[in-house]
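**Student:** A structural model of the following input is requested.
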Amino acid sequence: MLEIKNLTASYGTINALHGISLSVAAGSIVTLIGANGAGKSTTLRAISGLVKPGGGEILYEGQNIAGLPPHEIVKRGLSHVPEGRMIFANLTVLENLQMGAYLVRDKQVVRRELDFVYATFPRLHERQSQVAGTLSGGEQQMLAIGRALMSRPKFLMLDEPSLGLAPLLVKAIFEKIVEINRERGLTILLVEQNANRALEISRFGYVLETGNITLAGDSAALRQNSLVKSAYLGG
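**Tutor:** Here you go, the predicted model:
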């Protein structure tokens, strides 16, 4: 569904990605793990059009989307939940979710997607009139994912969904990611510092180090890899 070929990206004179290549099969969960500053978020930002690639291709359903503006990429069915949630803090929960559906013209479809989000995250339904900035960290993460789902994506990118959350909430969020993948057949590319959790729920994984893919393979095999264990799993 997604294939990246020799992707490069820079911030000014700093090269963040050095020609990386990876692929994500339709219907799968694929994870990208690595230390802070490895280029994980830059990879997602390049796919979603927030960072202009310096070179290479981003093939989505066979078409090169590298360099397209973000709204065009969302139209094609890709949605991005950024690191830090980036919710609209002064809007209510419902208004945030409605913002996620700004490209959907059919009100019945919007209602159906809203019902799905509320069924997936009942807490959001309970707090739909609450100002989003007053939600807990876990609730804000649910809202960020829910807002992304409102655009009816086929491909969902999640950047550090467990960041700053208590262990019980981390478990709940990861269970919801698996549920969304299973129930909707939604393809998911997951960037996550909690490598153990990410490799538990994904089918395939990539290790990114200082802008280069250094390891790739079946997630179960990566969990047993001695280098991955020592660097990312505390083993």
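**Student:** And for Pro70, the neighbour number?
**Tutor:** Neighbour count for Pro70, taken as other Cβ atoms under 10 Å: 13. (C-beta placed from N, C-alpha, C; glycine too.)
**Student:** who's in contact with it?
**Tutor:** Contacts for Pro70 were tallied using Cβ atoms under 8 Å, 6 or more residues apart in numbering; they are Ser48, Gly49, Leu50.
**Student:** do the same with Phe121
**Tutor:** Phe121 neighbours (Cβ under 8 Å, 6+ apart): Met142, Leu143, Ile145, Gly146, Lys176.
**Student:** same thing with Ile4?
**Tutor:** Ile20, Ser21, Leu22, Ser23, Thr43, Ile47, Gly56, Glu57, Ile58, Leu59.
**Student:** Kindly present those residues as TSV, with separate columns for secondary structure, pLDDT and distance to Glu3.
**Tutor:** Below are the contacts of Ile4 laid out as TSV (DSSP: H, G, I helix; E, B strand; the rest coil; pLDDT from 0 to 100; distance: Cβ to Cβ, whole Å):
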residue	secondary structure	pLDDT	distance to Glu3
Ile20	strand	93	12
Ser21	strand	94	8
Leu22	strand	94	8
Ser23	strand	95	5
Thr43	helix	91	13
Ile47	helix	94	11
Gly56	strand	93	11
Glu57	strand	94	8
Ile58	strand	95	8
Leu59	strand	96	4
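**Student:** If you rank those by neighbours, which is first?
**Tutor:** Thr43 (29 neighbours).
**Student:** From Leu208, how far out is it?
**Tutor:** 7 Å (Cβ to Cβ, to the nearest Å).
**Student:** what residues are shared contacts of these two?
**Tutor:** Ile20, Leu32.
**Student:** quick revisit: out of the contacts of Phe121, which sit inside strands?
**Tutor:** Using DSSP state E, no member of the contacts of Phe121 sits in strands.
**Student:** surely Met99 meets Asn90?
**Tutor:** No - the criterion here is Cβ atoms under 8 Å, and Met99 misses it with Asn90 at 11.8 Å.
**Student:** how is this protein carved up into domains?
**Tutor:** Using automatic domain parsing, the domain parsing of the chain gives 1-77+153-235, 84-151.
**Student:** How far off centre is the first one?
**Tutor:** Meaning domain 1-77+153-235. Offset of domain 1-77+153-235 from its chain centre (Cα atoms, centre = their mean, to the nearest Å): 7 Å.
**Student:** Check the shortest one too.
**Tutor:** Using Cα atoms, centre = their mean, the mean C-alpha position of domain 84-151 is found 16 Å from that of the whole chain.
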